[in-house]
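Asker: What shape does this take:
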Amino acid sequence: MPIRVLIVDDSALIRQMLTEILIADPGIEVVGTAPNALIARERIKALSPDVITLDIEMPHMDGLSFLEKLMALHPLPVIMVSTLGRQGPTLALRAMELGAVDWVAKPTLGIRSGMEALAEELIDKVKIAAATRPRSTTTTRQASSVVREEPANDDIGRVVAIGASTGGVEALRHVIGRLPPCAPGILITQHMPPGFTASFARRMNEQCAVTVTEATDGALIRRGHVYIAPGSRHLEICRRGKEYVCRLHDDAPVSGHRPSVDVLFRSVAEVVGADSLGIILTGMGRDGASGLLAMRQRGARTLGQSESSCVIYGMPRVAKEFGAVESEMSLDRIAEEIALT
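Answerer: Model prediction:
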């Protein structure tokens, strides 16, 4: 059966072009379009789409407000298709926190040629979205000022490495937001484009008791700190005397990605070994499976997100099939395991 898509956008031209792009793939059927959220609500009830593409700037109700209501009452896989302006990364992250699967940026110049150029990306993301399992959400926690105390113990102890892709924004927010200030040093590779990771780190830092930053080359890894790989750069861990530091580089993509989870996990296996904890979260594909196996073979503990709690059980499934996963757990259990490390 083809994937049934509803297109929600206030521009008739965009609705037409998105329809042309999607129906060119035999595995996709556009079952309807809507110019605003009010009409979209009725067409969702009447047409039962598998996936929705959703604009942000629309009359009567903006896309983020509609997304929040939709995910609370009738969760469906949603791809945001909107202009990526100055506030684009912040809006995109907010959409993914609310439950959107992904984001496709509309071109700002040469609309028709620009839309045609993103055809492959849009089709791929619609297909990924159709394989996800969205969940009903409640009102998300608002950013708040967090009073932090630096951990008294300078000993880094065990290092935690986490890899994630589709669905990872909310999964990481859930896990990291539950950690105490004295949590071990954590390195994260989340598949995310350039320009997004800095905004992601800032939002996480506002909401968490640990300090969250975008990783920089040579940054000292410390307890109570989380380091997120910048979009398009690999993140590794290196030893400098008795200390661990971040290393960034621009080598070719690994497992189809840069940053790559495999690159992070393999470096942790080689440099830290048994004094590490590897965790693979929700995502499509196989990135991280071989690296997590290397960690386990070096004596590290390795965890995978449970199938029932994943938006898409791809990366954890492959890692489990590789024999890389020691135990599968819910996000709450994973947070507890990190806190106890």
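Asker: where along the stretch 51-200 of the chain do the strands fall?
Answerer: In the stretch 51-200 of the chain, strands defined by DSSP state E, counting those that start in this stretch lie at 51-54, 78-83, 102-106, 159-164, 186-190, listed in chain order.
Asker: The first one: partners in the sheet, and parallel or antiparallel?
Answerer: Meaning strand 51-54. For strand 51-54, the paired strands and their directions (DSSP bridges) are strand 3-8 (parallel), strand 78-83 (parallel).
Asker: got JSON lines for those, with mean neighbour count too?
Answerer: In short, each C-beta sits where N, CA and C put it, glycine included. Formatted as JSON lines, the strands paired with strand 51-54 follow (neighbours: other Cβ atoms under 10 Å):
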{"stretch": "strand 3-8", "mean neighbour count": "24"}
{"stretch": "strand 78-83", "mean neighbour count": "23"}
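Asker: I'd like those as CSV, with mean pLDDT and distance to Ile52 appended.
Answerer: Rendered in CSV, the data for these read as follows (pLDDT from 0 to 100; distance: least, Cβ to Cβ, whole Å):
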stretch, mean pLDDT, distance to Ile52
strand 3-8, 98, 5
strand 78-83, 92, 5
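Asker: out of those, which comes closest to Pro26?
Answerer: Distances from Pro26 to each of those were compared using Cβ to Cβ; the shortest belongs to strand 3-8, at 10.5 Å.
Asker: on that earlier part again, turn the strands paired with strand 51-54 into CSV, including distance to Ile312.
Answerer: Compiled in CSV, the strands paired with strand 51-54 are given as follows (distance: least, Cβ to Cβ, whole Å):
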stretch, distance to Ile312
strand 3-8, 15
strand 78-83, 13
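Asker: out of the ones you listed, which comes closest to Ile162?
Answerer: Judging those by Cβ to Cβ, what sits closest to Ile162 is strand 78-83, at 24.3 Å.
Asker: what's the closest one in contact with?
Answerer: Outside of strand 78-83, the residues that reach it under the criterion Cβ atoms under 8 Å, 6 or more residues apart in numbering are 9, 14, 18, 51-57, 63, 67, 70-71, 88, 91-92, 95, 99-106, 108, 122, 125-126, 129, 134.
Asker: ok, now with 6 Å
Answerer: Strand 78-83 is touched from outside by 52-56, 95, 100-104, 106, 125, 129, with contacts defined as Cβ atoms under 6 Å, 6 or more residues apart in numbering.
Asker: least trustworthy position among those, going by pLDDT?
Answerer: Taking the contacts of strand 78-83 together, the minimum pLDDT is found at Lys106 (84).
Asker: what about it, neighbour count?
Answerer: For Lys106, the number of neighbouring residues by other Cβ atoms under 10 Å comes to 21.
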